[in-house]
Structures are given as C-alpha cells and as structure tokens.
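Chemist: Got a predicted structure here, sequence first:
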Amino acid sequence: MKGILYYFSGTGNTKWIADKMKYYFDLKGYELNLCSIEDIEDLNISKHKFIVIGTPIYGKSAPKLVEKFIKKIPNTKENMKCIIYSTQGSKSCAYIEIIKNILHKKGYNVVVQTTITMPNNYYFALGKISKINYVESILNLADKKVKYIVNKFVNNNIYIEKTYFIQLKLEALVSKAFKKTLPKLLKNLQVTNECMSCGRCIRNCPTSNITLENGKVVFHNNCILCLRCIYICPINAITYKGRKIVQIQNNIIKSLDIK
Ligand SMILES: Cc1cc2nc3c(=O)[nH]c(=O)nc-3n(C[C@H](O)[C@H](O)[C@H](O)COP(=O)(O)O)c2cc1C
Ligand code: SF4
Ligand code: SF4
C-alpha cells in the first residue's frame, strides 16, 4: 500500500517524526513517500492510497504556509484515509481538530489525529535551555508514539485524540493574539558581524525572506518565524532578542535536507 506524507518543518522536529513514520511503515511493508510542502509542484494526491499531513504549531495554530496548503488540498470522492499530526512543545494542541474538520469537509477519512510533544524550539527565545536528558526522553516517547500510531493505522483502528471545546476556544484566542504580534516579533531576528555571508540561511529560508545586500544579510517582511535560519547558521550568527541558540538539537536538525 502506497501513501504520501506532506510535512512542513522549520527546525527538523516535524521531519524527524516523518522519518520515523516512514521507518515504521516500511517495517509493515507499506511504502510512504515524504514530500516537503515547500517543494510541491504538482499536488497529485489521487495516485496514493492514503495521505499523512504533519505540521509544527506556532502560537497555537499552523504556520501560514501549512494553512495555505491545507486549503489547496483537492476534494476526494474516495473517502481517502488520512493521518494528521502536529508537533509542539506542549502536550497537545487543539488546532489539529481544525485541520481534521477541513479535511472531513473535503471528503477525507481522518483515522488518526494526534499531537506529538517534541523539544520546544522557541524555548531559547525565552532565555531557557532544555537539558539533553530531557530532550532525549521526549524523543524516546515520540518514537514510541509514532510506532503506536502506525500500528493503529495498519490494523485498521481509529485513533483520534480528544479535543475539548473550551481548549479550542481558548487556543483560538491565543492564536489570534500571536498572529497580531507576529510582525513585532520578527524584528527580534538580527544578524551579528560574525556573519561570513555563506548564504546558507538565504538558500534555506522557506519563504525567501532573506537576501544578501552589499554583502550583508537582510531580513524582509515575509517571515513566518520558523527559526530555521537561526538553527542552521553554521556559526550562530543570527540572534533572536539578542540571544544565541545553544545547538543542543543538532541531532534533530540533521533530519532536515539543508541546501
Ligand atoms: C514561533 C513559534 C511559536 C511556537 N508556538 C508554540 C505553541 O503555541 N505551543 C507549543 O506547544 N509549541 C510552540 N512552539 C514550539 C514548536 O511547535 C515545536 O518546537 C515544533 O516541534 C517545531 O517543529 P519544527 O522543528 O518541525 O519546526 C512554537 C515554536 C515557534 C518557532
Ligand atoms: S547562514 Fe549565518 S553565516 Fe551564513 S549568511 Fe546566514 S547568517 Fe551569515
Ligand atoms: S527568515 Fe528565518 S525565521 Fe523567517 S521564515 Fe526565513 S528561515 Fe524562517
């Protein structure tokens, strides 16, 4: 059985889960192809038997480019089976329920809906550092959860994590506030004089928001705050609120295909 997994991953967490899912599906004899939402040219879903969608959570909702992608997904008459997952720092996020409802209206049969806790990539922006042991234990649990989900799917079980109405309403308010403050938050991204103009951040920004002008890195207004540029700069020359990241998540970043 052949499926396709569409994902967006700013700093590698959501891709890490995608890789694990592929691994566990492979073990069951299923073929799962991975496709970054950033690279989609032709959205041809009908040639697959099932679809998986993975997104990180920013301010209690999905990044703009994931929202746009979900809107673009074509209707289906085949009741196609679908797995949806989010990755976030907290235990759960109600936004996944919104994605499910949109897909239901388009004719998809969401059989797995899950939120997977991963290391919070925004933590450093708050001046916090996650301990390595903590990161390792989170990854361990995430791995087990992916294995569990794949088994559920393969055995034709339904696994929908419950979302409470009050959580949906509260998180919708947080999301609205986050989207409103986003333009302000983007001003926190800065580049230091250490930058050696290697162009890595420019090549890998999912929204082409960075350019090199007179040899200097310049940020524009099309940023989604995915933090990828900060995480992948080889010399940590990009700061957020003047803070440099501690590269404890290198094992995860490796899951991204960096150009
Ligand atoms: C701008 C921003 C906002 C975030 N907001 C939330 C949030 O509201 N709730 C949460 O649990 N995690 C939040 N996070 C943490 C990420 O959802 C989490 O680390 C995710 O796994 C990152 O996935 P990625 O590495 O695939 O981009 C946020 C991260 C960023 C960069
Ligand atoms: S990745 Fe870092 S060093 Fe390279 S251009 Fe960007 S900011 Fe400069
Ligand atoms: S500028 Fe950096 S944080 Fe903003 S979208 Fe590009 S890579 Fe992500």
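Modeler: Perfect, I can see it now. Ligands and ions are numbered 1, 2, ... in the order given.
Chemist: alpha carbons only for contacts and neighbour counts from here, please
Modeler: Will do.
Chemist: Next, give phi and psi for the closest residue to P74 other than its chain neighbours.
Modeler: Closest residue in space to P74, ignoring its immediate chain neighbours: K106 at 7.1 Å, by CA to CA, 6 or more residues apart in numbering. Dihedral angles of K106 (phi, psi; degrees, to the nearest 10) stand at phi -80, psi 0.
Chemist: How much space separates K106 from Q113?
Modeler: Taking CA to CA, to the nearest Å as the measure, K106 and Q113 are separated by 16 Å.
Chemist: With M1 instead?
Modeler: 20 Å.
Chemist: returning to that earlier point: the residue nearest to P74: neighbour count?
Modeler: Neighbours of K106 under the rule other CA atoms under 10 Å: 16.
Chemist: Show me what the helix or strand containing E136 is packed against.
Modeler: For E136, the host element (DSSP states H and E) is helix 132-154. On a contact count with 3 or more CA pairs under 8 Å, 6 or more residues apart in numbering; DSSP states H and E, helix 132-154 meets helix 13-27, strand 109-117.
Chemist: Report all helices and strands that the helix or strand following it contacts.
Modeler: Next helix or strand after helix 132-154 toward the C-terminus (DSSP H and E): strand 159-160. Secondary-structure packing of strand 159-160 (3+ CA pairs under 8 Å, 6+ apart): strand 109-117.
Chemist: V66: what secondary structure?
Modeler: Taken by DSSP: H, G, I helix; E, B strand; the rest coil, the conformation at V66 corresponds to helix.
Chemist: That one contacts T55, doesn't it?
Modeler: Yes - using CA atoms under 8 Å, V66 makes contact with T55 at a distance of 7.0 Å.
Chemist: Between those two, which has more neighbouring residues?
Modeler: More crowded of V66 and T55, by other CA under 10 Å: T55, with 27 against 21.
Chemist: Assign a three-state SS to the more buried one, would you?
Modeler: strand.
Chemist: Is it bridged to anything, and to what?
Modeler: S86 (DSSP bridges).
Chemist: any idea how far it lies from ligand 1?
Modeler: 7 Å (CA to the nearest ligand atom, to the nearest Å).
Chemist: Check what pLDDT that residue gets.
Modeler: Note on T55: pLDDT of 98.
Chemist: what's the answer for N251, then?
Modeler: 68.
Chemist: what residues are shared contacts of V66 and T55?
Modeler: Overlap of the contact sets of V66 and T55 (by CA atoms under 8 Å, 6 or more residues apart in numbering) consists of F8.
Chemist: How is the chain divided into domains?
Modeler: 2-119+126-168, 187-249 (automatic domain parsing).
Chemist: Those domains: which one's closest to ligand 3?
Modeler: domain 187-249 (3.8 Å; CA to the nearest ligand atom).
Chemist: is ligand 3 contacted by that closest one?
Modeler: Yes - residues of domain 187-249 contacting ligand 3 under CA under 6 Å from any ligand atom: C205, P206, T207, N209, I210, C223, I224, L225, C226, L227, R228, C229.
Chemist: Apart from its chain neighbours, what residue comes closest to the second one?
Modeler: The spatially closest residue to P206, leaving aside those adjacent along the chain, is E38, at 6.5 Å (CA to CA, 6+ apart).
Chemist: Doesn't C35 lie inside a helix?
Modeler: No - under three-state DSSP, C35 falls outside any helix and is assigned strand.
Chemist: For it, which non-adjacent residue is spatially closest?
Modeler: C35 sits nearest to Y6 (CA to CA, 6+ apart), 4.9 Å away.
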